[in-house]
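Enquirer: Got a predicted structure plus its sequence, pasted below:
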Amino acid sequence: MTMKVHFIAIGGAAMHNLALALHHKGYEVSGSDDEINEPSRSRLEKAGLLPAILGWNPQQLSADLDAVILGMHARADNPELIRAHELGLRVYSYPEYLYEQSKNKRRFVIGGSHGKTSITAMVLHVMQMAGLDFDYMVGSQLEGFERMVRLSESAPLIVLEGDEYLSSPIDRRPKFHLYHADVALLSGIAWDHINVFPTFDEYVEQFRIFVDMIPEKGCLIYCREDTEVVKVVERSVEMKRKIPYGVPAYRIENGTTILETAGGEVPLMIFGRHNLMNLEGARYLCREAGISDEKFYQGIASFKGAARRLELFRKEKGKVVFRDFAHSPSKLRATLAAVREQFDQWNVVACMELHTFSSLSEQFLSQYAGTMDEADQAFVYFNPQTIAHKKLQPIGTAQVREAFGNDKLRVFSDPEELAAAIRASVKADTVILMMSSGTFDGVRLDAL
């Protein structure tokens, strides 16, 4: 009997990938949304899953649905959600349904304030190179993977990127609590999502719960170089196995980072201490999946990185442009440190966009103090309309400059002025680093 599933808010990045995965699995999938943008629109249309019209239609829901999956984009008073409750249908959040699909598999969950997408991407790349049969969910489109989600009947394990944000409009639990990790990795803890966790301790508590939920026969792999992670791990008295990791031995030679391993040297396509810590965590997690270090190093040598995670956009003689998802202080600091180490004699032009709720909040801005100091020229961009849309208190350029504590910092709220300033900063041997979870309001990287 074919399973029937309906998605409320099918157009989201995560939601449409789950819809495509279930469609590929042979499920009958329907969905709705009031806004569907690219690439979701084209991918849903190609699979025959694009809603005929935009908007919410409660009449689509019928009593024979096996599941309704509720996305974060929907509201608690969504008319389709109300109809689902009237019909007595089982309503799942995105992470709840992933667990439902994987509760008979061994679950590998990668959590942390930063690095989780990169680590998940490394693990998936190596597992694919090693020929393993595995399911997965990752928060970025990866080279060599058709979708961001795979669900199958055959795979004995699943790798899940464990986000600490809320599960759905009606479920305030963090997503990674719902995955029930058998093997967990914790990469780092740095305050984020202040709209949900208004104090640092409330935020850290979510990671304490994540660690405590690992079963006694489970395994926790953790970054020993992160102070907050170590505190959380030491506080947990459960008898689960605990495996620390740090930065492996390496050197940089002619612009290439080379791992120095017991089995010999391994040239890499990625760089930066933070990325190398991510790599080491991925190695230990792959060990738990039965992959030898030799196989791991063979696979990781060809890993280019996840999309928008220190992603090389363009490289010409003496000019390099990277784009990165960095938006929180810890990510910003780690990304800049990586570029400065790799291009130590170059002119580093760093630009970040204040785009998230946390980054645009007055009470959070002070967390950015010193994060842009590694750059030769530092630019920060924000859009006052984004602040108004998020219903936050307005901030000014002087306020941003003071928060970053950097006299060299230039602050912009006009994207054309920003682009002109970046272009004027380019000289021989220049790295341009564009860091944002947004788009800088349309600044074209190829025009820089």
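Expert: Happy to help now that I have it. Numbers count the residues shown, from 1 in each chain.

Enquirer: Next, the contact list for Gln399, please.
Expert: 362, 365 (CB atoms under 8 Å, 6 or more residues apart in numbering). (Glycine included, C-beta is placed from N, CA and C.)

Enquirer: likewise Glu316?
Expert: Contacts for Glu316 were tallied using CB under 8 Å, 6+ apart; there are none.

Enquirer: How about it: which residues does it bridge to?
Expert: Lys319 (DSSP bridges).

Enquirer: got any ranges where this protein has weak pLDDT?
Expert: 239 (pLDDT under 70).

Enquirer: can you give me the helices in it?
Expert: Here the chain has its helices, by DSSP state H, at 13-25, 40-46, 79-86, 94-102, 116-130, 200-212, 227-235, 273-288, 293-300, 329-342, 384-389, 397-404, 415-425.

Enquirer: and the closest residue in space to Phe303 that isn't next to it in sequence, how far is that from Thr117?
Expert: Once flanking residues are discounted, Phe303 sits nearest to His125: 4.8 Å by CB to CB, 6 or more residues apart in numbering. Here the criterion is CB to CB, to the nearest Å. By it, His125 lies 12 Å from Thr117.

Enquirer: again, but for Phe176
Expert: If you go by CB to CB, the gap between Phe176 and Thr117 works out to 13 Å.

Enquirer: So if I had to pick from these two, which one is more boxed in?
Expert: Phe176 (28 against 23; other CB atoms under 10 Å).

Enquirer: pretty sure the more buried one contacts Asp163?
Expert: Yes. At 6.2 Å, Phe176 and Asp163 qualify as touching, with contact defined as CB atoms under 8 Å.

Enquirer: Give me the common contacts of these two.
Expert: Taking CB under 8 Å, 6+ apart as the contact rule, Phe176 and Asp163 both touch Gly111.

Enquirer: Give the burial count for Asp272, as a bare number.
Expert: You called it Asp, but residue 272 is Gly. Gly272 is flanked by 19 other residues according to other CB under 10 Å.

Enquirer: Please list all residues in contact with it.
Expert: With CB under 8 Å, 6+ apart, Gly272 has these contacts: 257, 310, 334-335, 337-339, 341-342.

Enquirer: most surrounded residue in those residues?
Expert: Among the contacts of Gly272, Thr335 has the most neighbours (other CB under 10 Å), with 26 neighbours.

Enquirer: how close does it sit to Leu433?
Expert: Remark: distance between Thr335 and Leu433 (CB to CB) = 7 Å.

Enquirer: same deal with His16?
Expert: 30 Å.

Enquirer: same question, Met372
Expert: 10 Å.

Enquirer: hey, what's in contact with both of these two?
Expert: Common neighbours of Met372 and Leu433 (CB under 8 Å, 6+ apart) are 336, 350.

Enquirer: between these two, which one's more packed in?
Expert: Shown here are Met372 and Leu433; by other CB under 10 Å, Leu433 has more neighbours (26 against 23).

Enquirer: Which residue is the nearest non-sequential neighbour of that one?
Expert: Nearest non-adjacent residue to Leu433, counting by CB to CB, 6+ apart: Ala350, 4.6 Å away.
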